[in-house]
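1. Provided below are the primary sequence and the corresponding predicted coordinates.
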Amino acid sequence: MTTLIYKRTHPGDPNAQGVFGCHDCMGRVRAWDFDAVIGVGGKRPDSGHEDLARRITWVGINARKTKARGLRGPLVGFARFCLWEEQGPHIRHIAPNLFRYMFVQRHVCAVLSNSLPARMQEEIQDILALAQDHRATLNKRGTAARRTPGAKQRKPFRKRKNPKPCKSSC
């Protein structure tokens, strides 16, 4: 399963319904050929969102792309979507080799898993397994289809008042 791993600096894209690209973040990168996405908080997130730093903030599995007029790339929905934001696990603890690659050695903004060594691909599979165990699966409309019994309730999503397109050059 080819996985896109990218650094993000703010919440809001993807939205709580699991739509990646709703604010056009990561533009043309969303058109790359991938089956899953792992969003990781960057080293210096936007002001007010510092708690995202170096955390696995969201995971989407089984990507479905839809062309979107006026955007730099397609909208992407997922069969399985997990949004943790600042409650997500630290990437350094879950995937130390991937952490080193993204934050210490290479300082990459986005990378596809099939270009990474086997040990990092194993760590990526571990992250995807976290999402497989997560409490909700999204149906085709992007709403929760079922809940895993005993799952912890997540805080409600806070909408940004005036969402702006991502200014990142990625």
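-> Ah, there it is. Residues are numbered from 1 along each chain as shown.
2. tell me, which strand in the protein spans the most residues?
-> Secondary structure assigned by DSSP state E gives strand 56-66 as the longest strand of the chain.
3. what helices or strands is the longest helix seen in the chain leaning on?
-> Using DSSP state H to define each element, the chain has its longest helix at helix 118-132. Helices and strands touching helix 118-132, by 3 or more Cβ pairs under 8 Å, 6 or more residues apart in numbering; DSSP states H and E, are strand 3-8, strand 36-41, strand 56-66, strand 75-83, helix 91-94, helix 96-99. Heads up, the C-betas are built off the backbone N, CA and C, glycines and all.
4. now what about it, what contacts it?
-> 1, 3, 5, 36, 38, 56, 59-61, 80-82, 89, 94-98, 101, 113-114, 116 (Cβ atoms under 8 Å, 6 or more residues apart in numbering).
5. and with 10 Å instead?
-> Residues outside helix 118-132 that contact it (Cβ atoms under 10 Å, 6 or more residues apart in numbering) are 1-3, 5, 35-36, 38, 40, 56, 58-61, 78, 80-82, 84, 88-89, 91, 94-102, 111, 113-116.
6. Give the buried residues for it.
-> Met120, Gln121, Glu123, Ile124, Ile127, Leu128, Leu130, Ala131 (16 or more other Cβ atoms under 10 Å).
7. Now the last one. Nearest residue, chain neighbours left out?
-> The one in question is Ala131. Val59 (3.8 Å; Cβ to Cβ, 6 or more residues apart in numbering).
8. does the spatially most central residue of the chain have beta-bridge partners, and which?
-> With distances taken as Cα atoms, centre = their mean, Gly39 lies nearest the centre of the chain, 2.7 Å away. Legend: beta-bridge partners of Gly39 under DSSP bridges are Tyr6, Trp58.
9. Please tell me how far it sits from Phe81.
-> 11 Å (Cβ to Cβ, to the nearest Å).
10. residues shared between the contacts of these two?
-> Pro14, Phe20, Trp58, Val59, Gly60.
11. filter those residues to the buried ones?
-> Pro14, Phe20, Trp58, Val59, Gly60.
12. List the buried residues in stretch 96-113.
-> Applying 16+ other Cβ under 10 Å to stretch 96-113 flags Leu98, Phe99, Tyr101, Met102, Phe103, Cys109, Ala110, Val111, Ser113 as buried.
13. Tell me the one among those nearest to Pro74.
-> For the buried residues of stretch 96-113, the closest approach to Pro74 (Cβ to Cβ) belongs to Ala110, at 15.4 Å.
14. No more questions from me, cheers.
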